[in-house]
Each structure stands twice: as C-alpha cells, then as structure tokens.
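Participant: this one's structure only:
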C-alpha cells in the first residue's frame, strides 16, 4: 500500500494514500498522537457514521479493538469496517472486556491503541470502567464522541431531551432453576416513577446472544404482562413510541397506545422504546405529525 507523509518532524503522521486527501488540510499537533488509549464512538448504524477525528485516530493506531455486545451497528460488519478504515480490527468478547481487560489494555503502555464502540463512546458504564482501569495502569486516554441513541430518539420523535428521566433496559424473561418464568419488574417500576415525576423514559431492549434482539412488540407484551400482575394502571391506555434502525436511511418511528404497538411491524433490529409522560403541546404535535400518533393526544395538552 502506498503511504503519504504529511507535516514536519513536529507534526509527522502517515496516512494511507487512498484516504490522505481527506486530511490534507488538517493541522494537528504531535501530542494528538503520543502513546495513549483512544475511545472512539462509531455512531448509530454503519461504518460511515464515524467522525473524521475518529477515522484519523484509527489510521494512526498500532492496534484497534472493537466490542459489539453493548451495542452493534446493524448496517455493517467487521469486513466492511476494515475495508473503509484500512486497518485490522480485533473483535473483543464480553469476557475480554469485563474480565480480561488488562490483557489488551497493556498494549496502550507502549503503543497507540483505539477501542471502538457503537454509539457514543462513554454511554455504557462498561466503558467508563475500562477508562478507570486504564487510569489505574497509568495509561492516558482520550475520547472521540459519536452519535448516540440518547439524542437520536429525541430528534426522531420530537420529544424534548431535557424531559427524560432515568432510562431502563427490559431484559428477556428467563426460566429459573426451579422452572419458574422470571419477568423483571424493574422497567415497569422505573417507568412509573418517571411518569409520576413528569419525565419520559427511554427503554432499551435486551440484546442476547441466544435469544436475539428484543423487539418493540416483545417489550410491549412484557410491560403488559407485568401490568396484569401488579394492576397499578401504569400501562393502561399508555402512549408509547417505538423506534427501529435509528441512524439508517429508513428508520421507523411509530407512536400509539401500548396495546396497538404490540402488533405493529417495525421491521428488523435494533429497536428502542420511549414511554412519554405528560406531553408539552409541541411534543404532542410532533408525535402526531412525525410518528403517526392518534390525533386525540392533541387534546388537553399545555
């Protein structure tokens, strides 16, 4: 592969010729490249969502790692990423990240290492923990942020970002060792508390290597199942917003009552749900016009 070299001895960098034109006007100092661990967010959907800063970090890395168990880019795969980024990428498992992180973090003691994640780089507490471990090992870190689902759901639905409360994840139900089906009540309780505080709830849906990607439809079924057990009225006639494939060329956004969303076809993953609290009139109008919500929600809004 031909290489193009730019800069003086103080700004030296080597970039593959096929992408060098993208950086020819950059004037980035050498301290951008000294030995460290760079956390780079990939964005929401495919390999093209990465920022130019993130791309340059990859080009100047000695080792590039990625994990896809906290979030995954549904519009790409490792081969496409390596082809565009022109770099070998090592896929890390959950065990590699959570239990054996020191085995690969040590690379950043004497080499430039990039750690790639879907979405923004520090949304997951797992990634914060990695950064703390790196600090304990004397490894300097930097963050290159990427588009996050936390902001995308606001843009797609029209709900105002400052009105969101605590987020929650609905896990797949499972059967205990005693043969009892276990359904988590935590999402229901979180939604209830947020609604009481006048706050919307972002509801993330489980990704399981065996059970697959949870859908909006499954999430609605689970919430209604818990409602049936507790009978507190949280989900009765409750408006919800389902979003599929945020960041893709064809995202799906649909707002309706929980009972109706059980049967709506959102297509392929990834899915996420928002349970709104009391709506501002602009939010209600946005849900009707942008997400096909029933027009009756425009009544009695402030």
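Facilitator: Done, it's in. The shown structure was predicted, so the numbers you read here are calculated from the model rather than taken from an experiment.
Participant: what sits against the residue nearest to residue 264 when sequence neighbours are not counted?
Facilitator: Spatial nearest neighbour of residue 264, excluding adjacent residues (C-beta to C-beta, 6 or more residues apart in numbering): residue 254 at 5.5 Å. (C-beta placed from N, C-alpha, C; glycine too.) By C-beta atoms under 8 Å, 6 or more residues apart in numbering, residue 254 lies in contact with 241-242, 261, 264, 266, 291-292.
Participant: switch the cut-off to 10 Å
Facilitator: Residue 254 makes contacts with 157, 216, 240-244, 260-261, 264-266, 287, 291-293, as judged by C-beta atoms under 10 Å, 6 or more residues apart in numbering.
Participant: Can you give me the end-to-end span of stretch 50-69?
Facilitator: Criterion C-alpha to C-alpha, to the nearest Å; first-to-last residue distance in stretch 50-69 is 18 Å.
Participant: Can you give me the buried ones in that stretch?
Facilitator: In terms of neighbour count (16 or more other C-beta atoms under 10 Å), stretch 50-69 has its buried residues at 50-51, 53-61, 63-69.
Participant: Please apply the same query to stretch 201-218.
Facilitator: Buried residues in stretch 201-218, counted by 16+ other C-beta under 10 Å: 201-207, 213-218.
Participant: from those, which ones fall inside strands?
Facilitator: Taking DSSP state E as the definition of strands, those contribute 201-205, 207, 213.
Participant: what separates stretch 286-302 from the chain centre, distance-wise?
Facilitator: Distance of stretch 286-302 from the chain centroid (C-alpha atoms, centre = their mean, to the nearest Å) equals 27 Å.
Participant: ugh, wrong one, stretch 39-50
Facilitator: For stretch 39-50, the separation from the chain centroid amounts to 10 Å (computed by C-alpha atoms, centre = their mean).
Participant: and it, which residues are buried?
Facilitator: Result for stretch 39-50 [16+ other C-beta under 10 Å]: buried residues 39-47, 49-50.
Participant: any idea how far residue 56 lies from residue 196?
Facilitator: 47 Å (C-beta to C-beta, to the nearest Å).
Participant: And residue 125, by the same measure?
Facilitator: For residue 125 relative to residue 196 (C-beta to C-beta), the value is 25 Å.
Participant: Give me the number of neighbouring residues for residue 79.
Facilitator: Neighbourhood size, residue 79 [other C-beta atoms under 10 Å]: 10.
Participant: which residues touch residue 209?
Facilitator: 69, 93-94.
Participant: 8 Å instead, please
Facilitator: By C-beta under 8 Å, 6+ apart, the contact list for residue 209 reads residue 69.
Participant: For beta bridges, what are the partners of residue 90?
Facilitator: Assessed by DSSP bridges, residue 90 has beta-bridge partners residue 65.
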